[in-house]
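[1] Provided below for reference: sequence and predicted model.
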Amino acid sequence: MNDYKNHVVIPDPERAVLVKKLFELYAEGDYSLEELHREVNRWGLTGKEGKPVRKSVLASILRNPFYYGVMLYRGGTMNSRAGVRS
């Protein structure tokens, strides 16, 4: 969900909780991608089309800086919480 007019990203409230939980489990280092995939399917996390998230999509989410608060901006990065560019 996005507010393009004000240049603000608005997280989907239902999915955001599950994605945060996904990153917490990933950070523990005790789960393989396969195990994380089984967990998110058990939780009922779905993609935009309402289908279960594929393992390849899950891997992309975990590698995408956007999901942990880093925005790519004009060839650099910006911490979305602090608004600081590097």
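    Yep, that arrived.

[2] skipping its backbone neighbours, what lies nearest the spatially most central residue of the chain in space?
    By Cα atoms, centre = their mean, the chain has its centre lying nearest to Y67, at 3.7 Å. What sits nearest to Y67 in space, not counting adjacent residues and going by Cβ to Cβ, 6 or more residues apart in numbering, is I61, at 5.5 Å. In this view, the C-beta of every residue, glycine as well, is placed from N, C-alpha and C.

[3] could I get the contacting residues of that neighbour?
    For I61, the contacting residues are 19, 22, 53, 67, by Cβ atoms under 8 Å, 6 or more residues apart in numbering.

[4] now do the contacts for K20.
    K20 neighbours (Cβ under 8 Å, 6+ apart): none.

[5] how would you label it: helix, strand or coil?
    Classification of K20 using DSSP: H, G, I helix; E, B strand; the rest coil returns helix.

[6] how far away is G69 from V53?
    Look at G69 and V53: by Cβ to Cβ, to the nearest Å, they are 20 Å apart.

[7] where does this protein have low pLDDT?
    Low-confidence segments of the chain (pLDDT under 70): 1-4, 7, 78, 80-86.

[8] tell me where it has helices.
    Along the chain, counting by DSSP state H, helices occupy 13-28, 33-43, 55-63.

[9] nearest to R74, of those?
    helix 55-63 (21.3 Å; Cβ to Cβ).

[10] could you check the angle helix 33-43 makes with the closest one?
    On the basis of axes from the mean of the first three to the mean of the last three Cα atoms, to 10 degrees, helix 55-63 is oriented at 100 degrees to helix 33-43.

[11] burial count for the closest residue to Y26 other than its chain neighbours?
    Using Cβ to Cβ, 6+ apart and skipping the chain neighbours, the partner closest in space to Y26 is L62 (5.7 Å). Neighbour count of L62, defined by other Cβ atoms under 10 Å: 15.

[12] hmm, E24 and L62 touching each other?
    No: in this structure, L62 is not within contact of E24 by Cβ atoms under 8 Å, at 11.8 Å.
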